[in-house]
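A.B. asks: give me the fold of what follows.
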Amino acid sequence: MSWSSASNRRDLESRLRRIGGQEDAEIDIAQAALLLAALDRPQLGLERYYHHLSLLERDVADMAAKEGAETSLEQRVAVLNAVLVDRYGYQGDSETYDDLMNANLMRVIDRRRGLPVALGILYLHAARAQGWEIYGLNFPGRFLLRLDLGGQRLIIDPFNGGETRDAAALRSMLKAMAGSTAELKPEHTAPVETRDILLRLQNNIKLRLIQEERSGDALEVVESMLMIAPDRGELWREAGILHSHFDNMRAAIMAFEHYLELSGPEPGREEIAELLAQLRTQLN
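C.D. replies: Here you go, the predicted structure:
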């Protein structure tokens with residue numbers, strides 16, 4: 001890595017750690033996702049990606065004003081789709097779904113293809129810039145969005161051209177993913193925090209790296225997740241396990257200590273405590 005790339009990476013890490021100290025409502029989701037993406041491409045500048053985000057904001061605002069979207073939920077969805085899908089060509093990548101590019105927002109913008117959560121982040125950015133009430137949902141297996149207006153709501157599937165999904169469609173999707181006995185519950189359409197959406201984005205990358213037996217790269221992704229969510233005990237646990245795999249004993253000990261400080265009485269806690277004691281013995 002060149003000196004300039006290393007310097008850029010340090011700046012990116014510093015900015016992500018600042019996000020880790022922000023309240024959830026303060027987080028700019030698309031800019032945070034770009035910072036995470038840039039960790040993998042520190043040699044590239046982010047200016048043209050920020051410019052693209054501003055274009056999405058502007059075009060949605062212009063079209064919303066022309067189409068009278070301020071009072072119509074359906075019209076708001078139509079405007080978002082007209083800009084993101086029709087004008088800029090964003091769509092779900094069903095052909096190479098597991099490609100790591102689909103979870104890197106820089107590459108998603110370059111290719112106009114991505115995973116549901118990456119595309120959803122662009123929808124969230126464009127809609128929130130208008131002051132619209134939009135959320136990511138806690139739906140299993142597929143990232144969905146909920147757009148609210150005056151007590152009404154519509155569920156949007158960003159991976160499939162921004163189509164809306166009614167209760168029957170959601171139930172069918174759920175059964176296809178979780179089995180025929182699965183039933184739609186209120187929590188499946190409950191909003192999740194912005195920070196959790198970013199973690200979901202990174203988790204997609206981490207899982208694919210683990211499947212490819214690229215543990216070192218997976219550790220870097222977990223560490224990026226800790227930058228924006230330093231109070232998540234489960235992430236410290238993962239970091240500790242990966243560090244111990246590479247015999248990074250001091251780093252593993254620190255990670256497990258953080259995990260034990262942050263976690264409650266949960267399954268596996270005693271095993272981590274025992275592993276921590278063993279690591280301390282080996283270090284001494």
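A.B. asks: which ones are touching residue 153?
C.D. replies: By C-beta atoms under 8 Å, 6 or more residues apart in numbering, the contact set of residue 153 is 73, 146-147. (Glycine included, C-beta is placed from N, CA and C.)
A.B. asks: the same query, at a cut-off of 6 Å, please.
C.D. replies: For residue 153, the contact set (C-beta atoms under 6 Å, 6 or more residues apart in numbering) comprises residue 146.
A.B. asks: tell me the SS of it?
C.D. replies: Following DSSP: H, G, I helix; E, B strand; the rest coil, residue 153 is assigned to strand.
A.B. asks: residue 112: neighbour count?
C.D. replies: Counted with other C-beta atoms under 10 Å, the neighbours of residue 112 add up to 14.
A.B. asks: tell me the pLDDT of it.
C.D. replies: You'll see residue 112 listed with a pLDDT of 98.
A.B. asks: which residues of the stretch 1-150 of the chain fall in strands?
C.D. replies: 91-92, 113-114, 133-137, 145-149 (DSSP state E, counting those that start in this stretch).
A.B. asks: among the ones you listed, which is nearest residue 227?
C.D. replies: Closest to residue 227 of the strands of the stretch 1-150 of the chain is strand 133-137 (C-beta to C-beta; 19.9 Å).
A.B. asks: the strands of the stretch 1-150 of the chain into CSV, with extra columns for distance to residue 98 and mean neighbour count?
C.D. replies: Converted to CSV, these look like this (distance: least, C-beta to C-beta, whole Å; neighbours: other C-beta atoms under 10 Å):
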stretch, distance to residue 98, mean neighbour count
strand 91-92, 13, 18
strand 113-114, 12, 25
strand 133-137, 21, 21
strand 145-149, 22, 20
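A.B. asks: okay, those strands in a markdown table with distance to residue 31 next?
C.D. replies: Formatted as a markdown table, the strands of the stretch 1-150 of the chain follow (distance: least, C-beta to C-beta, whole Å):
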| stretch | distance to residue 31 |
| --- | --- |
| strand 91-92 | 23 |
| strand 113-114 | 17 |
| strand 133-137 | 16 |
| strand 145-149 | 18 |
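A.B. asks: not counting sequence-adjacent ones, nearest residue to residue 52?
C.D. replies: residue 109 (5.5 Å; C-beta to C-beta, 6 or more residues apart in numbering).
A.B. asks: please apply the same query to residue 233.
C.D. replies: Using C-beta to C-beta, 6+ apart, the nearest residue to residue 233 is residue 262, at 3.5 Å.
A.B. asks: repeat that for residue 36.
C.D. replies: In space, residue 36 is closest to residue 224, 5.8 Å off (C-beta to C-beta, 6+ apart).
A.B. asks: nothing else from me, thank you.
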